[in-house]
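*Asks:* okay, sequence plus prediction incoming.
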Amino acid sequence: MKINYNRSVEGFTLVELMVATTVLALVTLIIGNGFRLGMDAWGKGERETSLTQRFRVLSGMLSQQIKSSYPYEIDVDDDKAVLFQGDEDSILFATAIADKPYGGFRWVRYSTEEGVLFMKEGFLPDKEFEEKTKGKEEIVDSDVVEFKLEYYSIDDEEWKESWDYGENLPGAVKVKISYFEPFLIHIPMGRASDNKEKE
């Protein structure tokens, strides 16, 4: 058997190598960008899920407490007034306490400052509660982009930016938290007291 050692073996040309390298680089770039976009989308989804969960917890807590507002009367300038006061970024009200061992009422105050939502509360009756409501205590959320409150006056049939001590409670409170849509909290005792006055 005769072996022919003179047969030429063809290899890749320089142009073919350059084309193959370019194609490989483009495929790697596309895959890398796709992976990065996927990771960014996953991270964004996780952040949005976390924000939504925080919003649900916060809105649920606010709704439960504000909804149970009670027209608790206090002495203001030698006169009786309902304990409910609020402006665009803070609210103070009296609510029936749910803790069975104690019973009775408590005051609750929410306020915001530089994107931080604070809460403070205490038991009623308390002659020094106005002094105790000042200052900050418990941090509810440290990353609130926006917190805005409005109060519905049943008598005037309009929304107001603030509510002062008076004869009754507002009929509802509108709450805006961060970029979420505002939600309404109806106050049954506010509407009940208004209906009683009309009767």
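*Replies:* The structure has been received and is ready for your questions. Numbering: from 1, shown residues only.

*Asks:* what about Ile35, distance to Leu26?
*Replies:* One correction, residue 35 is Phe, not Ile. Distance, Phe35 to Leu26, by C-beta to C-beta, to the nearest Å: 15 Å. Placement of C-beta: from N, CA and C, glycine included.

*Asks:* give the contact list for Val108.
*Replies:* Contact analysis of Val108 by C-beta atoms under 8 Å, 6 or more residues apart in numbering lists 65, 92-95, 119-121.

*Asks:* with secondary structure added, can I get those in JSON lines?
*Replies:* Converted to JSON lines, the contacts of Val108 look like this (DSSP: H, G, I helix; E, B strand; the rest coil):
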{"residue": "Gln65", "secondary structure": "helix"}
{"residue": "Leu92", "secondary structure": "strand"}
{"residue": "Phe93", "secondary structure": "strand"}
{"residue": "Ala94", "secondary structure": "strand"}
{"residue": "Thr95", "secondary structure": "strand"}
{"residue": "Met119", "secondary structure": "strand"}
{"residue": "Lys120", "secondary structure": "strand"}
{"residue": "Glu121", "secondary structure": "strand"}
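
*Asks:* look up the closest residue to the spatially most central residue of the chain, ignoring the ones flanking it.
*Replies:* In the chain, the centroid-proximal residue (C-alpha atoms, centre = their mean) is Phe55; its distance is 4.0 Å. Leaving aside its sequence neighbours, Phe55 sits nearest to Phe180 (C-beta to C-beta, 6 or more residues apart in numbering; 5.3 Å).
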